[in-house]
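> Please find the sequence and the predicted model below.
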Amino acid sequence: MISIPRIIIAGTHSGCGKTTIASGIMAALTARGMNVQPFKVGPDFIDPSHHTRICKRPSRNLDPFMMGEDGCLETFARATAGADIAVIEGVMGMYDGIEGTDSCSTAHVARILKAPVILVCDVKGMSRSVHAIIKGFQTFDPSILFAGAILNRIGSPRHREMIESAGKVRSFGWIPRSEGIGLASRHLGLVMAHESDSLDTSGRIIEEHGDVDGIIAAATSAPPLAIPLRHIIAQDPSITIGVALDNAFCFYYRDNLDHLRDAGAELVFFSPLVDHLPQVDAIYLGGGYPELHLPALESSPCTRELKAAVDKGLPVLAECGGLMYLAREIRAEKTYRMTGLLPADAEMTKKIQALGYVKGSIVAKGSILPKGTGITGHEFHYSRLLPDHDVRFAVRLERGRGIENGNDGLMAGTAQGMYTHAYFSKSLAAGIVKAAGQPVKD
């Protein structure tokens, strides 16, 4: 049984201030000397980057579609070891799941974790009506441990008085409207943590205008959680995998890295923007924003060295932004040469090309991903790949678009790139490490 205090910060809808409030609570608790373990419901990479910066502990995704319910519990138990409290930021509106269902919603994860929920409500432009909204969220699913609400974007003391006079629900904060602590957006969502310090004052605002003691008490009221813990015996590192990590390539599920290590890989982090290619057994290129760094990527030593290494048999697995990097060129406002490892060109688009969960299987031999293995993940991109007509694909999707028509995992030699941001199951991670250990060709 696990009895760690835990609280979920849900929202009425996207854009209600959920990320700012959740991050502020994390910062306020951290400032009090608490060891805070952050989480994010869903497949997002960007919000966890802000959590990690604030809490100094890696934020983890909790996603029942990609991980399964037991996977969510296992990740929660593993990540909260040594923490004093867990703060989980929700996704979208509290009850918004896949295709209009409850599945994979914030409420779904709240039930899995038996975690109390605090609802963030944007009260701009309303007063007494907010209580009808809160009441609806509170009673919509009686199985939810509904702790109360935080009222965000209060316009004035008078505005608060009008709302408070009709209040019947426990309030954990009255947060004034402030343009200074919001996060800027771009085509893949909010800016990453290393690009903005606008959340640095959020903890002070929560401490001043919120009920931090009440939030801690609500988190402490969470009942014990039964989790069938699996004793994981990490293999002694026998394989080295180079992981691209810089401002261009920064989208990784933390569990993926842990599962690779558990399977016997030592991870060597490097920057394709400035570093030479490391001496490793395989390369993992995650997603990110290569389109913002095209001149540097075109001229970097890694871009020149990667093709020669693959010609000698180095396995390379790339996702989304990493897939674009493996193409011959990326066309944005100008065209820039990339590694040329895959027989395709990439181009940026003004409209979103794919967004949603992905499910499929590995169908090709010779892939760094083991044939026959199932794969789940997520795709979200404003680019498209234009492959040659005679290319090979390693992945066939039953859900999702992939590179084209449900095909993903473009292969060429020992290089493979896909639009899917895959969640590595333990078996998938073990297969990748095994493939990385195969002798390279001369």
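Looks like it arrived, so ask away.

> would you list every one of the strands in the stretch 301-442 of the chain?
Counting by DSSP state E, counting those that start in this stretch, the stretch 301-442 of the chain has strands at residues 316-319, 329-331, 335-337, 344-348, 354-362, 374-381, 383-387, 392-399, 407-412, 415-418, 421-423.

> Just give me the longest helix of this structure.
Of all the segments of type helix in the chain, defined by DSSP state H, the longest one is helix 64-79.

> Go through that one and flag the buried ones.
Judged by neighbour count (16 or more other C-beta atoms under 10 Å), helix 64-79 contains these buried residues: P64, F65, M66, M67, G71, C72, L73, E74, T75, F76, A77, A79. Where C-beta positions appear, they are placed from N, C-alpha and C, glycine not excepted.

> With stretch 82-100 instead?
Buried residues in stretch 82-100, defined by neighbour count with 16+ other C-beta under 10 Å: 83-97.

> How about stretch 370-390?
Buried positions in stretch 370-390, judged by neighbour count with 16+ other C-beta under 10 Å: 373, 375-385, 387.

> from the middle of its chain, how far away would that stretch be?
Centroid displacement of stretch 370-390 relative to its chain, using C-alpha atoms, centre = their mean, to the nearest Å, is 18 Å.

> From what I see, S143 and R111 are in contact.
Yes. Using C-beta atoms under 8 Å, S143 makes contact with R111 at a distance of 6.0 Å.

> Quick check: can you list the domain ranges of this structure?
With domains defined by automatic domain parsing, the chain comprises 6-220, 239-436.

> closest one to I227 among the ones you listed?
Within the domains of the chain, the stretch nearest I227 is domain 6-220; the backing value is 4.6 Å (C-beta to C-beta).

> Give me the residues contacting stretch 253-268.
Here stretch 253-268 makes contact (C-beta atoms under 8 Å, 6 or more residues apart in numbering) with 45, 48, 58-61, 67, 75, 78, 232, 234-243, 278, 280, 284, 421-426, 428-430, 432-434, 436.

> go with 6 Å
Residues outside stretch 253-268 that contact it (C-beta atoms under 6 Å, 6 or more residues apart in numbering): 58, 60-61, 75, 232, 234-235, 237-243, 278, 280, 423-424, 426, 429-430, 433.

> distance between the ends of it?
End-to-end span of stretch 253-268 (C-alpha to C-alpha, to the nearest Å): 16 Å.

> Kindly report the same for stretch 297-304.
Stretch 297-304 has an end-to-end distance of 10 Å (C-alpha to C-alpha).

> next one: that stretch to chain centre, how far?
Centre-to-centre, stretch 297-304 and its host chain are 27 Å apart (C-alpha atoms, centre = their mean).
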